[in-house]
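Trainee: Sequence and predicted structure below; questions after.
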Amino acid sequence: MLPSLLNGLARCAVALAAACLCSGVRGQPSDVDFAAARDAFRAGDSVRLERIAPRLKGHLLEAYVEYWALRLKLDEADPATVRAFLDRHVDMPLADRLRVEWLKSLGKRRAWDLFAAEYRPRASDDVELACYAAQLELARNGESADLSPVRRFWFSGQEQPESCQPVFSALLAQGSLGTADVWARFRLAHEAGNFRLAARIASALPLSERPSPRELQRIDRGARGVLAKGDFRGSSTAGRELALYALDRVAQVDASAAHEAWSRWAAKLPHPERLYGFLLIAYHGATQLLPAASAWYHEAEDATQTESQRAWWVRAALRIGAWSEVARAIDAMPATEALDPAWRYWKARALAAEGRNDDATRLYGSLATEHSFYGLLAAEALGAKVTPVSEPLTPAPAALAEFAARPAVQRVLKLSALDLRPEAQREWIEVVRGMSDDALLLAASFAQSNGLYDRLINTA
């Protein structure tokens with residue numbers, strides 16, 4: 001009995017192997033091979049990927065295999081091969097991804113002739129690529145290079161790509177970035193909690209204005225104690241900025257302790273720095289949901305505030321029911337910001353709480369006509385009964401079939417089935433870009449019927 005069973009299993013194994021061999025001979029591309037190619041790419045195994053790739057000729061996702069093969073050897077890729085891929089798949093998101101990655105590879109290798117031939121500035125270009133373009137400008141024109149388009153990237157509290165560092169150095173050398181700009185970015189960095197970056201930025205200052213590494217390390221080791229002593233040199237820019245640096249480090253953890261220390265000796269500093277310090281405390285106090293934060297904002301009222309800091313002023317006042325303060329904070333916003341439906345609604349609530357019912361009604365009335373969450377709240381505040389009317393779309397079967405037959409839509413389904421979610425999302429975004437509302441609803445209906453629920457919600 002057992003030998004007979006073993007013989008039968010052996011015959012099945014031989015038959016299965018023969019079937020697989022025949023499938024390979026016939027050149028039928030399989031999802032199994034595609035998954036193996038994907039795994040080879042993720043492992044960085046270009047040899048294995050090249051061995052699998054011929055078996056995927058004609059596969060719906062063959063372009064992805066081509067992309068992976070090029071991506072793994074992009075630094076040595078033949079420019080003609082890269083261009084051919086870009087031309088052949090110009091309508092696919094893959095082409096744009098490869099274009100950006102190739103340009104970055106060329107920039108990193110300083111292959112400026114090729115970079116110049118291929119680079120076309122676009123609004124979608126990221127910071128790294130824009131800085132490589134600025135490096136090209138530097139390579140061509142030296143000290144007279146126009147680097148003004150990328151100067152704005154300096155003003156960030158986040159790390160910027162390595163490609164930007166030579167450009168920043170050139171801007172500093174040209175004088176296009178001065179000491180005030182260095183201190184401005186120093187503040188942005190510590191406001192963002194990037195203290196190591198702040199220390200590196202400070203090293204770009206002229207030696208005569210640069211804080212010593214020891215001073216920064218003293219604050220990093222014990223900002224609370226340093227702030228409590230308040231022994232900063234208020235007569236120098238570096239001393240004042242270090243005081244604010246220590247204050248921010250404490251305020252981000254304990255705004256109450258920061259306020260107590262700052263209130264004792266901040267009067268020794270010039271008015272702008274004193275206000276900025278109180279603004280840091282008020283903002284962090286608001287994010288820490290401290291009831292005192294609303295009052296602290298008064299101490300910083302004349303300071304220049306960011307959009308986030310202004311928003312947290314309103315929230316701090318709302319948390320303690322200080323309606324006059326809510327109205328005051330919203331009135332301090334730029335007009336374009338104050339027109340946001342959320343702030344218009346809360347301004348109306350504040351007016352009503354202060355007994356200015358006619359003004360509140362006018363504001364509610366203008367907002368109630370808008371189709372938004374706050375528009376519904378405004379309508380309810382006016383006593384209106386809101387009954388949304390919905391007319392469900394019933395897409396024609398022929399329209400659904402036509403949509404489903406599109407190659408890009410087929411790729412979305414296949415990528416989703418193979419658990420390549422980010423790739424499926426990129427393809428879908430291209431599919432629905434620029435569609436009318438009716439077409440979007442049809443696409444959402446298709447997504448629903450195929451279990452693409454995130455695409456359904458996003459598209460609808």
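Mentor: The structure has been received and is ready for your questions.
Trainee: for Gln174, what are its contacts?
Mentor: By C-beta atoms under 8 Å, 6 or more residues apart in numbering, the residues touching Gln174 are 143, 147. C-beta coordinates here come from the backbone N, C-alpha and C atoms, glycine included.
Trainee: Tell me where the stretch 51-200 of the chain has helices.
Mentor: 62-72, 79-88, 93-108, 112-118, 127-141, 165-174, 179-191, 195-202 (DSSP state H, counting those that start in this stretch).
Trainee: Out of the ones you listed, which is closest to Val386?
Mentor: helix 93-108 (39.9 Å; C-beta to C-beta).
Trainee: Could you list the buried residues of that closest one?
Mentor: Residues 93-96, 98-107 are the ones in helix 93-108 that count as buried (16 or more other C-beta atoms under 10 Å).
Trainee: got it, and stretch 177-196?
Mentor: For stretch 177-196, by 16+ other C-beta under 10 Å, it's 177, 179, 181-183, 185-191, 194-195.
Trainee: Which of these sits closest to Ile330?
Mentor: Set against Ile330, the nearest of these by C-beta to C-beta is Glu191 (23.1 Å).
Trainee: Leaving out the residues flanking it, which one is nearest to the residue positioned nearest the centre of the chain?
Mentor: Closest to where the C-alpha atoms of the chain average out (C-alpha atoms, centre = their mean) is Asp126, at 10.9 Å. Nearest residue to Asp126, sequence neighbours excluded (C-beta to C-beta, 6 or more residues apart in numbering): Val100, at 7.2 Å.
Trainee: Same question for Ser124.
Mentor: Spatial nearest neighbour of Ser124, chain neighbours left out: Asp96 (7.8 Å); criterion: C-beta to C-beta, 6+ apart.
Trainee: So for the one you found, what's the pLDDT?
Mentor: Listed pLDDT for Asp96 reads 93.
Trainee: Could you do the one 4 residues further on as well?
Mentor: According to the model's per-residue confidence, Val100 sits at a pLDDT of 94.
Trainee: List the contacts of it.
Mentor: 125-126, 129.
Trainee: where's the host helix or strand of Ser324 relative to the chain centroid, distance-wise?
Mentor: Here Ser324, judged by DSSP states H and E, is contained in helix 323-331. Put simply, helix 323-331 sits 31 Å off its chain's centre (C-alpha atoms, centre = their mean, to the nearest Å).
Trainee: Quick one: mean pLDDT for it?
Mentor: Throughout helix 323-331, pLDDT has a mean value of 96.
Trainee: for that helix, packing partners?
Mentor: With contacts taken as 3 or more C-beta pairs under 8 Å, 6 or more residues apart in numbering; DSSP states H and E, helix 323-331 sits against helix 293-299, helix 307-319, helix 341-353.
Trainee: quick one, that helix and helix 307-319 angle?
Mentor: When axes from the mean of the first three to the mean of the last three C-alpha atoms, to 10 degrees is applied, the directions of helix 323-331 and helix 307-319 differ by 160 degrees.
Trainee: after helix 323-331, next one along is what?
Mentor: That would be, after helix 323-331 and using DSSP H and E, helix 335-338.
Trainee: In the record's domain split, what are the boundaries for the protein?
Mentor: Listed by automatic domain parsing, the domain ranges of the chain are 327-384, 397-459.
Trainee: between those, which gets nearest to Ala43?
Mentor: domain 397-459 (15.8 Å).
Trainee: Could you tell me the end-to-end distance of that closest one?
Mentor: By C-alpha to C-alpha, to the nearest Å, the extent of domain 397-459 from end to end equals 19 Å.
Trainee: swap in stretch 87-94?
Mentor: Length of stretch 87-94, first residue to last, C-alpha to C-alpha: 11 Å.
Trainee: Could you pull out the buried residues of that stretch?
Mentor: By neighbour count on 16+ other C-beta under 10 Å, the buried set for stretch 87-94 is 89, 92-94.
Trainee: any chance of the residues you listed in CSV, with distance to Ala36 too?
Mentor: Formatted as CSV, the buried residues of stretch 87-94 follow (distance: C-beta to C-beta, whole Å):
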residue, distance to Ala36
His89, 22
Met92, 22
Pro93, 23
Leu94, 19
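Trainee: Go through those and name the one nearest Arg151.
Mentor: Taking C-beta to C-beta as the measure, Arg151 lies nearest Pro93 of the buried residues of stretch 87-94, at 30.8 Å.
Trainee: tell me the secondary structure for the closest residue in space to the closest one that isn't next to it in sequence?
Mentor: With sequence-adjacent residues excluded and distances taken as C-beta to C-beta, 6+ apart, Pro93 is closest to Arg426, at 4.1 Å. Per DSSP: H, G, I helix; E, B strand; the rest coil, the secondary structure class of Arg426 is helix.
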